[in-house]
Each structure stands twice: as C-alpha cells, then as structure tokens.
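*Asks:* 3D model of this:
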Amino acid sequence: MFRLDTLRTACAEVVARARYVEIAEDRLKELALELGHQAPNQDLLDPAHHRVGSSEETLAYVMTLDAVNFGSGWFPYLAKRPGCSGYLTLAQALREHFEAHGPLKPSILRRISARECAAILGQSLTPPIDTLMGHFARAWQQLGDLLESRFQGDFAALVTEAGGEVEKMIALLAEMPMYRDEAQYGGLRVPFYKRAQITCSDLALAFEGQGPGHFCDLDRLTLFADNLVPHVLRVEGVLRYTPSLLERIQAGELIEAGAPEEVEIRGVALHAVERMVRQLQEEAARSDVLALTAQQLDTILWNRGQSPRIKAQPRHRTRSLFY
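*Replies:* Below is the predicted model:
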C-alpha cells in the first residue's frame, strides 16, 4: 500500500544529500509565520475548484482535467489566452467544452486522438505542442481504460472505491502508468505522485469536502511538487539555488526530467513546506497563528504564484509527464 510518509522520508533524505538546492532557515520561519496569519483564500483562481453543472459533471471535469495536468515544460509554446498561464488556458478550454457539450465519457476518452485533444483545448498540432497533445491523448486513453475496465465507466465508482482515504485514491490513480510519478535520486526512490495528490485536493475543494470531495485524511497530503510552488519559494527567499542552476533556469534551458537538479528542486521544496507545517503547528499552540496543512499552504503559494511579481522571473522548465 502506498504511504505518503515514504515520500516525506525520501524528501528529507534528498535535502540531506542536495548539491544544487538548499533551504534558507531564517526565511522559512518568516514566511511560515506570514502565511500562518492568512486564511486560505476561498476565491480560488483554479477552475478545478469550481462546480461545473451537476455533481457528476463536476467530478468528471476535475478528474479529466487532472489527468492532463502536466506539460509545463511545453507551456511557453502553447496558444495562451490573454492574461492566462498555460494551465489556466487548458483548464478553461476544457471547462468550456464541458459546458457546451457535456463531459467526455470514458468510452470517448479511451479512443481519443491527439488531434481531438488539440481541438478541445484550442491548440494546434505544430511542434512541439503536437508532442504534448500526444501525451494528453495517451493520458486520457489510460483514464478511459481504467474507468471502463474497472468501474463500468463510472467516475463516482472510482472515488467510492477509495473510501474517503487519500492514500487509497492515490494508489488507484497510480494504476495508470502516467500517474506513476516516481524519481530515482542516487538509488533513492522518491514517489512524488503530484497529480494523484492534487486530484484529491481538487475534489475536496470543488465539493467543499462533501460527497466525492470527502476525504478523512487530507492533512496527509504533501506539497504538490511541480515547477511553480518551488519557484514561489525561491523568489520568496526560502529556497536557494546554486548560481549555475539559477543561470540555466534564467536562460530558459530545459532541466532534464529525473536529473539530480530537478529532483532536488521538487524534493527540497516539498520538505520546506513540511517544515513550515511543523513550524505553524508549534506556533499555533501558543499564538493566533493558523496551523495550516501542506495542502492549504500549496493553495496559498500557488495563488501567490499567479502575481505579476512572481511571473516576471523565469521558473525551471522540464518536459515531464507529471507536472
């Protein structure tokens, strides 16, 4: 059975071994206290956190969107909507498709093509986006196959099978190869499982913790390790990169998926948020600071990452199937 503590332990070891990324201890404590005085913003920017028609349509939307919630390394080449990031462009396009045509049924997902993905998401099939659309098609095909073969084409049945436990939900989603977000770092297995984790969070936020969004153990979730929240932590001074790594990122150089630098960026960021969670728990016992969870901190930091100040600086780009 998958355990999130395995990920926490692995990321602590990544921090101990890291050569390219480190935590600025004083700034970590400062930012934790700053965020601990902010209630998580319920006016969320993420389209996945808002209902789409019926409960069934919302469930299908969140799970269909999170199946393709990756590709940030290709996003500089997306046809973006004015004022929107790559993710928000794709999420809004899919939402509009659902609103106009209804959910994509599992029987459709399992045979969808890259060309159909591009049409739904408002993209072309010119390089390198044609590669991303091919990955999206494969991810949707795997989702359709799992739903049809195991759950009679019923999104709700998959969620019910998890029994309201995030680790069971993660294990179910990881039956799809494109959800198996595991890195190797000097012989150490680091099971980030970013998209599987964020699916639990998105469902909880979309359904306000009820029905398909009810999980009894959301506090078990970690940071959803991608390329935005680590970037926010770096800009805020919590993470420090070596000059050579920072120079490569600022030059727009792709960082290879699974390279030590890439694993360190994700792993050290995840551990930093774990440290912030513990800091807030200690402070909350003696002050009015909120004891925020990693999920709540991720939401706050992700929303902060939409600000022009944060967006003005380059973040790391990796062509990954996981974020």
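*Asks:* alpha carbons of stretch 272-279, as CSV, please.
*Replies:* The C-alpha coordinates for stretch 272-279 follow below in CSV (Å, rounded to 0.1, in the frame of the first residue of the first chain):
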residue,chain,number,x,y,z
ALA,A,272,10.5,23.0,3.1
VAL,A,273,6.7,23.0,3.2
GLU,A,274,6.7,20.1,5.7
ARG,A,275,9.0,22.2,7.9
MET,A,276,6.6,25.2,7.5
VAL,A,277,3.7,22.9,8.6
ARG,A,278,5.5,21.9,11.7
GLN,A,279,6.5,25.5,12.4
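*Asks:* which residues touch that stretch?
*Replies:* 8, 11-12, 23, 28-29, 31-33, 35-36, 222-223, 229, 233, 238-239, 291-294, 297-298, 301 (CB atoms under 8 Å, 6 or more residues apart in numbering). (Each C-beta comes from the backbone N, C-alpha and C, glycine too.)
*Asks:* 10 Å instead, please
*Replies:* Stretch 272-279 is contacted by residues 7-8, 11-12, 15, 21-25, 27-29, 31-33, 35-36, 219, 222-225, 229-230, 233, 238-239, 289, 291-298, 301 when judged by CB atoms under 10 Å, 6 or more residues apart in numbering.
*Asks:* try stretch 239-247
*Replies:* So stretch 239-247 is contacted by 18-24, 27-28, 230-234, 248-250, 253, 255, 261-262, 264-265, 268-269, 272, 314, 316 (CB under 10 Å, 6+ apart).
*Asks:* buried members of those into ChimeraX, please.
*Replies:* Entered in ChimeraX, the line below selects the buried ones among these, by 16 or more other CB atoms under 10 Å:
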select :18,20,21,23,24,27,28,230,231,232,233,234,248,249,255,261,262,264,265,268,269,272,316
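*Asks:* just the ones of the contacts of stretch 239-247 in helices?
*Replies:* Among the contacts of stretch 239-247, the ones falling in helices (DSSP state H) are 27-28, 230-234, 248-250, 261-262, 264-265, 268-269, 272.
*Asks:* tell me which stretches of the stretch 201-323 of the chain form helices.
*Replies:* 229-235, 243-250, 260-284, 294-304, 308-311 (DSSP state H, counting those that start in this stretch).
*Asks:* since that was my last question, I'll sign off now.
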